[in-house]
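Please work out how this folds:
(2 chains)
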Number of protein chains: 2
Amino acid sequence: MTASGNPQPGQKAVCLLSGGLDSSTAVAIAVSRGFEVYGLTFRYGQRHEKETRSASAVGKHLGLKDHVLVEFDLRKWGGSSLTDEIPVPTDRGSEEMSASIPPTYVPGRNTIFLSFGLAYAETLGADRIFIGVSPVDYSGYPDCREEYLRAFEQMANLGTKAGVEGTAQFKIEAPLLHMSKAEIIRTGLDLGVDYSLTWSCYQGGEDACGRCDSCLLRLEAFRQVGMRDPVRYVDEGFG
Amino acid sequence: MTASGNPQPGQKAVCLLSGGLDSSTAVAIAVSRGFEVYGLTFRYGQRHEKETRSASAVGKHLGLKDHVLVEFDLRKWGGSSLTDEIPVPTDRGSEEMSASIPPTYVPGRNTIFLSFGLAYAETLGADRIFIGVSPVDYSGYPDCREEYLRAFEQMANLGTKAGVEGTAQFKIEAPLLHMSKAEIIRTGLDLGVDYSLTWSCYQGGEDACGRCDSCLLRLEAFRQVGMRDPVRYVDEGFG
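Presented below is the predicted three-dimensional model:
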């Protein structure tokens, strides 16, 4: 689940890459550890299509072995601010953010993402799947909790050839699980991540809104690091 | 996991429906038990696109409350006879079929299907997900085993609002898990399933090939039931 030694030469890992700050850092960690990294990005009907363009740019920047875009449409049933006509909350304080599961929670999303990651990994012969979940997500999203990730791992090892033949054991690697957002940024900067390429805003605008939970958490973390966030915000005075 | 009492009035269930013999029967069972049934069908780049047309016809026939088609493309990485240039095996005996995981196994497929089922169910407020896996699948496919389904259930209950708020407990219902193919057909006939609408062949043809594992198992089961399979085969003398 956490860092577990250096990989064998040529050992493959599938890394989920949304193009946001967290997943971009998680991918950089996988690359730095020496895995042969296969990126996996999803266009799932989210408001912020800009995310997938960022994922593509980050993937090129980090030198992935391959990078696959999988497309499907969760607007078929909606149920989230990101896939339905439910407003994205803005200007919330940290207490309000962590008080309940936010409307930006997308039912089943990480399970779907990890399932595609598993399918891709099994086909490639990779046994690691990286996901950039962090404690900030952990507080609000059920599918970012460590016990969930461990349960996914168990299920994965029963539902694949590996489970029957015992040839490999899938591990879900969540290297950010115990890092603050500021620590994540510092780690990424050490690894040479260009955060100007990343995209975190929940809204669909050309510039980041600076007011949704995701922007607010990101801006606060850059403040803690003592650096100006290199992405452009609607209100240029912000951040 | 198995039948667990009658549903409450209006209780919803999501049912995976491929259009094949098994899933069509599983859906008929869910309907007969009194669930409000929401069908879920996948076009995932499989050879047999005819499957999704059959699923649509079966869904109408069985009177689903709603029926959603989700599309994605597993040919992006292939790895199976159904999604890649790997031949579908033909004319195999039952021993050969059960000796190893067949090339028609699609890595991670049921995990992906169930994940979408989970997302749809959570959004609808349904706590049951029906899947038509049977012992014939069970022998060869890792993601049809009972221990796998139970592990998926556990993961689902940790990765959703239900897991955090304790509002519902997802159950994966696999009503065919202990039925032979002939018993499945008898059950379906009792429930009024029109098997002429279903489609089992792994090949992409207009008529069923009669030679792939899926056709051979189906034909053998209809023989045991003492009934001619109502679908059309390439060799009309067959079956």
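
in chain A, what spans have low per-residue confidence?
A:1-5, A:137-140, A:163, A:168, A:236-239 (pLDDT under 70).

Go again with 80.
Counting by pLDDT under 80, the ranges of chain A that qualify are A:1-5, A:47-49, A:94-95, A:97-100, A:135-141, A:162-168, A:204, A:235-239.

Most remote residue from the middle of it, which is it?
A:E165 (30.5 Å; C-alpha atoms, centre = their mean).

And the spatially closest residue to that residue that is not a sequence neighbour, its phi and psi?
Spatial nearest neighbour of A:E165, chain neighbours left out: B:I101 (7.7 Å); criterion: C-beta to C-beta, 6 or more residues apart in numbering or on different chains. Backbone N, C-alpha and C define where each C-beta goes, glycine included. Note on B:I101: backbone dihedrals following degrees, to the nearest 10 are phi -70, psi 120.

Same check on A:R128?
Note on A:R128: backbone dihedrals following degrees, to the nearest 10 are phi -120, psi 140.

For A:A151, pull up the helix or strand it's in.
Per DSSP states H and E, A:A151 falls inside helix A:146-158.

Do you have the strands of chain A handy? List them.
Counting by DSSP state E, chain A has strands at residues A:12-16, A:36-43, A:66-71, A:128-130, A:171-173.

For the fourth one, which outside residues touch it?
Where contact means C-beta atoms under 8 Å, 6 or more residues apart in numbering or on different chains, the residues beyond strand A:128-130 that reach it are A:7, A:11-16, A:26-27, A:29-30, A:35, A:37, A:114, A:117-118, A:121, A:170-175.

now do 7 Å
A:13-16, A:26-27, A:30, A:35, A:114, A:117-118, A:121, A:170-173 (C-beta atoms under 7 Å, 6 or more residues apart in numbering or on different chains).

Let me know how buried the closest residue to A:L197 other than its chain neighbours is, in neighbour terms.
Nearest non-adjacent residue to A:L197, counting by C-beta to C-beta, 6+ apart: A:A57, 4.5 Å away. Neighbours of A:A57 under the rule other C-beta atoms under 10 Å in any protein chain shown: 17.

how far away is A:M155 from A:D66?
Distance of A:M155 to A:D66, computed by C-beta to C-beta, to the nearest Å: 25 Å.

Who has more neighbours out of these two?
Comparing A:M155 with A:D66 by other C-beta under 10 Å, the one with more neighbours is A:M155, at 29 against 15.

Would you mind confirming that the more buried one is in contact with B:R150?
No. Taking C-beta atoms under 7 Å as the definition, A:M155 is not a contact partner of B:R150, at 9.0 Å.

any idea where the helices of chain A begin and end?
A:21-32, A:50-62, A:94-99, A:109-124, A:135-140, A:146-158, A:161-165, A:181-190, A:213-225 (DSSP state H).

Give me the angle between the last one and helix A:181-190.
Translated: helix A:213-225. 70 degrees (axes from the mean of the first three to the mean of the last three C-alpha atoms, to 10 degrees).

And helix A:213-225, what does it pack against?
Under the contact criterion of 3 or more C-beta pairs under 7 Å, 6 or more residues apart in numbering or on different chains; DSSP states H and E, helix A:213-225 touches helix A:181-190.

repeat that with 8 Å
If contacts are counted by 3 or more C-beta pairs under 8 Å, 6 or more residues apart in numbering or on different chains; DSSP states H and E, helix A:213-225 sits against helix A:94-99, helix A:181-190.

which residues touch the closest residue to A:P103 other than its chain neighbours?
Distances taken as C-beta to C-beta, 6+ apart place A:S81 nearest to A:P103, at 4.4 Å, with adjacent residues excluded. Residues in contact with A:S81 (C-beta under 8 Å, 6+ apart) are A:R47, A:P87, A:V88, A:P89, A:P102, A:P103, A:T104, A:Y202.

Thank you, goodbye.
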